[in-house]
Every structure is written in structure tokens, then in C-alpha cells.
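A.B. asks: Any chance you could fold what I've pasted below:
(chains A and B, ligands or ions: 2)
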2 protein chains.
Amino acid sequence: MPRPLARRVTVLALALAAARPAAAETRLPDDALEQAAVLRDRGLAGSAAYGIVESLTTEVGPRMAGTEADARAVAWARAKFEELGFDRVRVEPVTFPVWHRGHEQARILGDHAQPLLITALGGSVGTGGQPLEAEVVRFDSLDALMAADAASVRGKIAFIDGRMERFRDGRGYGPAVGARSNGATEAARRGARAVLIRSIGTDSDRLPHTGMMRYAEGVTQIPAAALSVPDAEQLTRVLERDRSARVRLDIDAETRGEYTSHNVIGEIVGSERPEEVVLIGGHLDSWDLGTGAVDDATGGGITMAAGKLIASLPERPRRTVRVVAFANEEQGLLGARAYARAHADAIAQHVIGAESDFGAGRIYALRGNVEPEARKALAQIAEVLTPLGIAYEGEGGGPGPDIGPMAARGMAWAQLAQDGTDYFDLHHTANDTLDKVDAEALDQQAAAYAVFAYLAAEAEGDFGSAPKSAGEED
Amino acid sequence: MPRPLARRVTVLALALAAARPAAAETRLPDDALEQAAVLRDRGLAGSAAYGIVESLTTEVGPRMAGTEADARAVAWARAKFEELGFDRVRVEPVTFPVWHRGHEQARILGDHAQPLLITALGGSVGTGGQPLEAEVVRFDSLDALMAADAASVRGKIAFIDGRMERFRDGRGYGPAVGARSNGATEAARRGARAVLIRSIGTDSDRLPHTGMMRYAEGVTQIPAAALSVPDAEQLTRVLERDRSARVRLDIDAETRGEYTSHNVIGEIVGSERPEEVVLIGGHLDSWDLGTGAVDDATGGGITMAAGKLIASLPERPRRTVRVVAFANEEQGLLGARAYARAHADAIAQHVIGAESDFGAGRIYALRGNVEPEARKALAQIAEVLTPLGIAYEGEGGGPGPDIGPMAARGMAWAQLAQDGTDYFDLHHTANDTLDKVDAEALDQQAAAYAVFAYLAAEAEGDFGSAPKSAGEED
Ligand SMILES: [Zn+2]
Ligand SMILES: [Zn+2]
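C.D. replies: Ligands and ions are numbered 1, 2, ... in the order given. Here you go, the predicted structure:
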């Protein structure tokens, strides 16, 4: 249907208001709010999200950055944006070193001989072409390792057995993940030959959780791997019986060569201010163990489906809705950093951004970091989302990881907070597969992103994006 | 405490009743019923069961028949029976061919290239030292494969994608397991080069279920492996997109050599009729993927703990309570068959038997196959079990697998039916580990087995065991 007369009047008013002082309140036109409600109900009735997730996870499967599947994923995303009716599709290069995973095995030796199920952490070195055997010294946490006497660690495999707690908002991850990121460095500083960590996860399956680690400069690079949660508990029990139990690790892993992948960008081009952009998206890469269904095919599926919903309206919104499938999030936000570098001069034109990268669970809250003049508008967006079970929670939360580098440069952002209660059961494991995804939950989220992106694109006034020096190295 | 006077009078009456006609009703003395209630309450308050399961699964871990861990498990069981205060401990030899598992990998080739997680089925051959690549032909069930035109199967990998249904009593297993047992034979008869089955399981984890398969005489032996449930669904989706998708299998497996393991037998020796035996137990071996916690460390833990409860009474029961940790159940009831052969002349002296081999879930029913004259006694046993949430269901059910060969020869049996709702989520997978076991549920079961075994050992009259020609080949 054509837009009502009221709309055209509003457009006129808006043109007159273009010179309004910066402190004027951001407003959402009534007809845009009405259209947004239509989008919401349409999305909830059935969106393209699940089909997109099914397509990516089936046709490409695992797509670790730098593998041949990375290139297939980029080709897939280009084709999918076209198929969904986006107006413009393009790619931007992202270059990074390539981490390779080979075989990985572990075994307790001696009286209680048995295998342990492990997976190397991303970025880890291997055991040098032959198994490494050593006694194990166990710590309750990274802090406990850091407090330990180096003499107790030297020549051994340091085992960091910290537990991650389960929360809806995933806040157990932050305190736990240091063992993964920095465990090898801290263990090596104390003379350890390798580090094993209890998986950073909330499940109790024999499926270890991978994820990125880093070596500090000047420290010996030792192999780093995660035990599944049951294996960590088993190793602890064996050590209770035999403190001198030895473990054999055989890990083949290395960082070698360079690869150029791409951020893939689809746009619904704005009708009035096409150079102003509402940025949404997810990351296209995944770890290699699963098919990256909840991390993060769902993010792409939700935001691409939101774009398709907006594209199905009779008229384009005023501003451009840009959906980005970011390259190589997993190994350090490399796609997001490349994007931020490439668009450093266009911070103010990125009126607001939001990323979906927290699984398949429903959205329960809208939060945001916007200028005070835009808070009422954000609350109005949340009002449209109320029937989806989404509450407005004002300031707080955080941008998605791939939004981070742009947020650090001054872009306003919102968080459509998902229920992540089960997310860390699957995160970075082989179990991250399509069967864990609920299509109706994706529709709820596609509807929410469509409402958010559409209204942000229609808003009279901005959300406070303004360039500042990047808060992080890029 | 010493037995009350009533008990001694009963013993006298029993001696007089020894010549009673065979059709006399089996009776449970009142004081035995009272003692049984004490056992029940003691067991429920805390038994040795969980500690036994923890000990076996930790100290020995996986213990596939014929591996070095098989011998460690036998030594463990002997020592554990001694430690628990059993009166007599001995072993009986069980000899069988040894199946070896090596590496196992599968991969979809072509446009949708990606790994598939598989595990070889027990008894399978390998791919002959090199990968096997072929197109895949999918069937909904073993029946569908058997109905297929051989031309559609020849030269391909047959993929049997039947679903197992979830029930409390595990009755989904029977209709599903034929694909595992006979899939390779039926596929080979139609010219297939290998067979892949959807795991016989009720979970949706990336952990394939192994289990025994057999080749019929005179049929080409082709490799047989199970896909995890998510992998089976993924392969199905890929085949929907590309019917000529090829899969590469690389499986190293063979049956080679012979091994002698042992049934391990612990006895609480009867005070009056030591040669008459109540037989309970579980199987000591496990598959190699997990630590065999619910299959079947729990069976051993529950029945050993029941024996310990009985041994803690001030007097031994009239008959012997025999707890057997059977060797090599998984590869064809080989310990149970050896036991039945060794004790073929003593069927009548095995007054009744019951095995625990259905996981860690609570017992909800008592059933039995006993002579009509013993049904009232079985119902009385069930009455003592009522406070444990156990109902008497009369005839029906089946003996545990290791009781089967003795039952076929005429031994009376009972079934203490466990809640197996979740059993086939874990069965024969790497996920079968201690963390899945609830200690309180084990106490309930140890209490129930103690009551059952004690009262059967105290019964005046028998349950109908009488030799008949074995119903199955042994
Ligand atoms: Zn992610
Ligand atoms: Zn079993």
C-alpha cells in the first residue's frame, strides 16, 4: 500500500527541521511507528531467519576463518543478500594470519590410564610433532595459578579447573574466560610445558569448548587446550588418587600464512539520506568444531531476515539499513576492526548499530548507549517491541563484539539482549548445530531487529554518534 | 542385634516344611519382612553405590572387553568385593575374540564439504587402510533398505536414517536397533560398500552411539559406523540439496586375537542353604567411548551396595546372595553365556535372578517371571518396596541381558524396572560419564535390590527355577 498523506506531510516537516539545533529531541514519526508495528507482526508470523540459518549451516557448515569454507561462506552471503532482495551487495577485504588445527589427543598414563577429550585453543601451538608427557598440577582458577610458586609448576602441565557459572545474560563468561585467553602465558611464565583448562562452558557434555587464546610477547609459547567439563572433573578425581599422574598430549596446531576474507555487506538503501546508515549484523565465520549455528549463523539469519522484512515494505526507509556479515570475529574481531578502519571517517553517518551474536534465545530487553536527546526515541522503539516480550532497560549492557570497534570510535549503539541461559552449553563446541535452533525464537528476533532498524532509519534526529579517537588499538 | 525368638521358631517350621509338596505357596517370614524394611531404610539413607560407581569409572575408566583396562576392571572388582565385606570372592574365565577400534573419520566431499562425526560399530571391519569414497543412498529405515532395488544401492554407502523414540521403559530401542545389528549385512547383500546409520539414541548431541553389529555368514564384510544424530540430520539435508554428494570414510577397525577376561563373583554366603543362590549383578565391561557410568557401572554399584547392606545385618540370610560382575556383555553377553554354561547343572539352585543394566534412573516397578505359587511372595517383596515409589506389576517385563542365558535355561527372574527416559541419550556414547549419575537415585536402587535379594534368600519355598533346555545357542 502507498504511504498515507500524513507521511508526506511529515517528510516536508522534516526537511524544514533539518537545521534544528543539535540538542533537539530525536522523534519517531507516527506513521513510522505504525509501519514498525506491521513489520513486527509480519516478522513474528514467520521470517526468513531460520531458512537462512539452515542454508548457511548446511551448505557451508563449519567455516573457520582462513579455511576453504571461509571463501564459500563469503560467496554464500553475497548470494543470499541478493536473493533476499537487498538493494546493494558488496564486500570489503579483511586480512589475517591463519591458524590451523591438526590432530589433538590426550591421555592419562599409569594406573588409571584413559583418554581425555580435548580441543586445542585457537592460536595455540602444537606439541612439536611428538607427544609431550608430564605431571599435572591443578589450580582452581587462573588467579590460583598466578599466586603459585613457580617451582610447583615448572616442567609440568598446568591444569586450570575454574567453573563458569550460568546466567541469562552470560555474565559468567567474563570471569571465566581469562583462563582461556591468558592461561598459557601465565603458565609459561612459571615454567609449565603446556596448559589444560576446564572448558569455558556451562554444559556437562564430552565436547570441549575451543576459543581464542594469545601469547604475551617474549613468553615461551606452550600448547594450550581445553578439556570437556566431564574430562576436567575426571582428571581432578584421578589427581586426588594419584598426585603424580602423568598426562600425554599430542597436539598438532600452528599459525601459518595469511588469508584475505571479506566482510559482506547488504544494504536497503535509504530513500532520503542514503549516506546515513543503521548498522546491524552478525559474524559470518565460526569455529571449526560445530557448524556455527548459534554462533553466529543466527545473528546473520536474524539481521538478514530483518533487512528482508524492511525491503518488503512499499517504500524504503529514510536512511540506509546496512546488514554486515563480519569476517573472522572468532580470532579477534578482525572483520569488525577492518570495518572500523575502513569507515573511520563516517562515524557520524553510522547513526546507530546493534549486533546479534549471542545465540538463538529470544530477546528480552532493549538497552542502548545513545545521547540523552535520543532516549525517548529508544523508549518508543521499545514500546513497539513490548508485544514481543521485550522490556526497555535504558542505559547499560554492551554492544555486540563486532559493533565494539565502531562504538569505540563514537558510534551510538543499542543492545537487543537475548536470553543466553543455554548459550554457553553450545558455544565453540561441536554441539553448535542447527538442531539447537528454535525457528520461532528467530522470528521473534528478526521482528525485533526489523522494528529497531526501521525506526532508527526513520527517526527525525540522530542517536548521538560522533567521532572520537578509538578507545582500542586497531 | 540378635534375631528375635520368632525367627528361630520359623527356622524350625521351615525345616519341617522342607518336604512340602512343590505346589505349596512360597512364604516370606514376618521377621524377614521386618529386616527387609530396615535394609530398605538404611539403603535409602545412604548406600555404597555411588562410591563404587565413582571408583570404577575414575580408577579404571573405559573398560572395553579385551583391552588392558578389562584386566584392571577385573582386579578392581575383586578388590572391591573384598573391601565391601563379601564372604567369598572368585572369578570365572570368559574367552572371546577381541575387537579393536583405531581412527575413524568421515567427511562430506564437494560443494558442501564438511566433517561428519562418526564412530565405528563394534565388530565392524575398517576401510582397509585407506579412505573409501562413494555416493550415499539414504533410507528411512532398515526395512526401506531391505525393500530397495539393489541397483540403487550397489557401489554406494547405504545410510539408514531411522529415528529411535523415547520411552520410560526404553521400548524404542528394539525397533531401532536392527539397523545397527543387521544394517551392514543387508546393505552388503545389495552391493553397498559401507553402511552409515543414524545413532541408535534419543539425544541430539554430536556424540555418536556405538554398539555391536554382526555380519551374516557368507556376506561381504563392509565397514559400519554410526553418525551422531545431528550429523545424520545434516547429511540428510545435504543430500536434499545434492543427491550425488560423496562421503569419504576412513575407519581403522578389526577383530583380531583372543582374550580371556573373567566374571567376578562376590557372595554373601547363606546361613542355611548356602548352595542355593539369589543372583544379582550388572556387567563390568563398557564401551570404550565413555567411562561406562550408566552402562553399567551403576548396575555393579547398585548390586554390590545391596550385597554390602545385606552383609551388614547381624545374621546372614538363609540362602547365598551372589553378586556377579559379568564380563563382556557389550559384545554379545559373553560373560553371561559363559556363566550359564558353567552353571548349567545348577539351575534349580539359582532360586531367582535380577540384573541392573538400564542406567541410573530410579526403579518404579517390580515385575517377575516366577511360578504361580511364588507370586504372592513377589507381591510381598513389592509391598516392602512401596515406600521407594515402586509398584508391583506382576508378570511381564524381561530379565536383564546377563540374566537372559540363565533365564533361558529355566531360572526364575525378576525385573526391578528403572526409569530409562534419559538412558538412550547417553548409552554407548562418550557422554556416559559419572556426572550423569544421581547418587540418591542409586541409593533408592541399592535399597530395592537389598530388599529383593534378602527376601528371596529368606523365602520359604522357591520361585520356580527348574532346568529346561536352553532356549538360545550358547
Ligand atoms: Zn560469536
Ligand atoms: Zn549395559
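A.B. asks: Tell me which stretches of the stretch 151-300 of chain A form strands.
C.D. replies: A:157-160, A:194-198, A:224-227, A:246-268, A:273-283 (DSSP state E, counting those that start in this stretch).
A.B. asks: Can you add mean neighbour count and mean pLDDT and give these back as JSON lines?
C.D. replies: C-beta coordinates here come from the backbone N, C-alpha and C atoms, glycine included. Compiled in JSON lines, those are given as follows (neighbours: other Cβ atoms under 10 Å in any protein chain shown; pLDDT from 0 to 100):
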{"stretch": "strand A:157-160", "mean neighbour count": "28", "mean pLDDT": "98"}
{"stretch": "strand A:194-198", "mean neighbour count": "29", "mean pLDDT": "98"}
{"stretch": "strand A:224-227", "mean neighbour count": "29", "mean pLDDT": "98"}
{"stretch": "strand A:246-268", "mean neighbour count": "20", "mean pLDDT": "98"}
{"stretch": "strand A:273-283", "mean neighbour count": "24", "mean pLDDT": "98"}
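A.B. asks: Adding distance to residue A:423, write those out as a markdown table.
C.D. replies: Shown next, in a markdown table, are these (distance: least, Cβ to Cβ, whole Å):
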| stretch | distance to residue A:423 |
| --- | --- |
| strand A:157-160 | 22 |
| strand A:194-198 | 18 |
| strand A:224-227 | 17 |
| strand A:246-268 | 24 |
| strand A:273-283 | 14 |
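A.B. asks: confidence score at the residue in the stretch 351-474 of chain A positioned nearest to ligand 2?
C.D. replies: Nearest residue of the stretch 351-474 of chain A to ligand 2: residue A:431, at 24.7 Å (Cβ to the ion). Residue A:431 is assigned a predicted lDDT (pLDDT) of 98.
A.B. asks: Relative to residue A:231, how far out is it?
C.D. replies: 15 Å (Cβ to Cβ, to the nearest Å).
A.B. asks: ditto for residue A:328
C.D. replies: Remark: distance between residue A:328 and residue A:231 (Cβ to Cβ) = 29 Å.
A.B. asks: Same question for residue A:421.
C.D. replies: Taken as Cβ to Cβ, the span from residue A:421 to residue A:231 is 24 Å.
A.B. asks: Between these two, point out the one with more neighbours.
C.D. replies: Shown here are residue A:421 and residue A:231; by other Cβ atoms under 10 Å in any protein chain shown, residue A:231 has more neighbours (26 against 15).
A.B. asks: is it true that the more buried one touches residue A:207?
C.D. replies: No: look at residue A:231 against residue A:207 with Cβ atoms under 8 Å: they stay out of range, at 9.9 Å.
A.B. asks: joint contacts of the two?
C.D. replies: With contacts defined as Cβ atoms under 8 Å, 6 or more residues apart in numbering or on different chains, the residues shared by residue A:231 and residue A:207 are residue A:117.
A.B. asks: what does chain A have sitting close to chain B?
C.D. replies: Contact residues, chain A versus chain B (Cβ under 8 Å from any Cβ of the partner chain): A:54, A:57-62, A:68-69, A:108, A:111-115, A:117, A:204-207, A:229-230, A:233-234, A:237-238, A:241, A:290-291, A:429-431, A:433-436.
A.B. asks: Please flag which of those sit within helices.
C.D. replies: Those of these mapping onto helices are A:54, A:68-69, A:229-230, A:233-234, A:237-238, A:241, per DSSP state H.
A.B. asks: Relative to residue B:267, which of those residues is nearest.
C.D. replies: residue A:241 (28.1 Å; Cβ to Cβ).
A.B. asks: list the contacts for the closest one?
C.D. replies: Residue A:241 sits next to A:112, B:58-59 when contact means Cβ under 8 Å, 6+ apart.
A.B. asks: nearest to residue A:463, of those residues?
C.D. replies: Closest to residue A:463 out of these is residue B:58 (56.3 Å), distances taken as Cβ to Cβ.
A.B. asks: Skipping adjacent residues, who's closest to that closest one in space?
C.D. replies: The spatial neighbour of residue B:58 that comes closest, neighbours along the chain excluded (Cβ to Cβ, 6 or more residues apart in numbering or on different chains), is residue A:237 at 4.5 Å.
A.B. asks: so what's that neighbour up against?
C.D. replies: So residue A:237 contacts B:54, B:58, B:434 (Cβ under 8 Å, 6+ apart).
A.B. asks: gap between the spatially most central residue of chain A and residue B:103?
C.D. replies: Per Cα atoms, centre = their mean, the C-alpha nearest to the average position across chain A is that of residue A:357, at 3.7 Å. From residue A:357 across to residue B:103, the span is 35 Å (Cβ to Cβ).
A.B. asks: follow-up on the earlier one: will you turn the strands of the stretch 151-300 of chain A into CSV that also has distance to ligand 2?
C.D. replies: As requested, the strands of the stretch 151-300 of chain A are arranged in CSV below (distance: least, Cβ to the ion, whole Å):
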stretch, distance to ligand 2
strand A:157-160, 32
strand A:194-198, 29
strand A:224-227, 26
strand A:246-268, 29
strand A:273-283, 43
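A.B. asks: Indicate which one of those strands is closest to residue B:152.
C.D. replies: Across the strands of the stretch 151-300 of chain A, closest to residue B:152 is strand A:246-268 (Cβ to Cβ), at 39.7 Å.
A.B. asks: Note down every partner strand of that closest one and its orientation.
C.D. replies: Using DSSP bridges, strand A:246-268 pairs in its sheet with strand A:88-108 (antiparallel), strand A:132-139 (antiparallel), strand A:319-326 (antiparallel).
A.B. asks: Contact partners for the closest residue to residue A:72 other than its chain neighbours?
C.D. replies: Among residues not flanking residue A:72 along the chain, residue A:60 sits closest, at 5.0 Å (Cβ to Cβ, 6+ apart). Residues near residue A:60 by Cβ under 8 Å, 6+ apart: A:69, A:72-73, A:76, B:112, B:114.
A.B. asks: Report how many residues lie close to the residue in the stretch 151-300 of chain A that ligand 2 sits nearest to.
C.D. replies: The nearest approach of the stretch 151-300 of chain A to ligand 2 comes at residue A:206, 18.3 Å away (Cβ to the ion). Residue A:206 is flanked by 28 other residues according to other Cβ under 10 Å.
A.B. asks: Give me the pLDDT value at the nearest residue to residue A:260 once chain neighbours are set aside.
C.D. replies: Nearest-residue entry for residue A:260: residue A:95, 4.6 Å, with adjacent residues in sequence omitted and distances by Cβ to Cβ, 6+ apart. Listed pLDDT for residue A:95 reads 98.
A.B. asks: okay, the angle between the longest helix belonging to chain A and strand A:273-283?
C.D. replies: Longest helix in chain A by number of residues (criterion: DSSP H): helix A:439-458. Relative orientation of helix A:439-458 and strand A:273-283, computed by axes from the mean of the first three to the mean of the last three Cα atoms, to 10 degrees: 150 degrees.
A.B. asks: these two touch, right, residue A:73 and residue A:285?
C.D. replies: Yes: at 7.0 Å, residue A:73 and residue A:285 qualify as touching, with contact defined as Cβ under 8 Å.
A.B. asks: shared neighbours, these two?
C.D. replies: Each of residue A:63 lies in contact with both residue A:73 and residue A:285 under the rule Cβ under 8 Å, 6+ apart.
A.B. asks: picking that back up, OK, contacts around the residue of the stretch 151-300 of chain A closest to ligand 2?
C.D. replies: For residue A:206, the contact set (Cβ under 8 Å, 6+ apart) comprises A:117, A:228, A:230-231, B:207, B:290, B:429-431, B:433.
A.B. asks: gap between the closest residue to it other than its chain neighbours and residue B:205?
C.D. replies: The spatial neighbour of residue A:206 that comes closest, neighbours along the chain excluded (Cβ to Cβ, 6+ apart), is residue B:430 at 4.0 Å. Residue B:430 sits 9 Å away from residue B:205, going by Cβ to Cβ.
A.B. asks: Also residue A:101?
C.D. replies: In terms of Cβ to Cβ, residue A:101 sits 21 Å off from residue B:205.
A.B. asks: Next: residue A:50.
C.D. replies: Going from residue A:50 to residue B:205 by Cβ to Cβ gives 21 Å.
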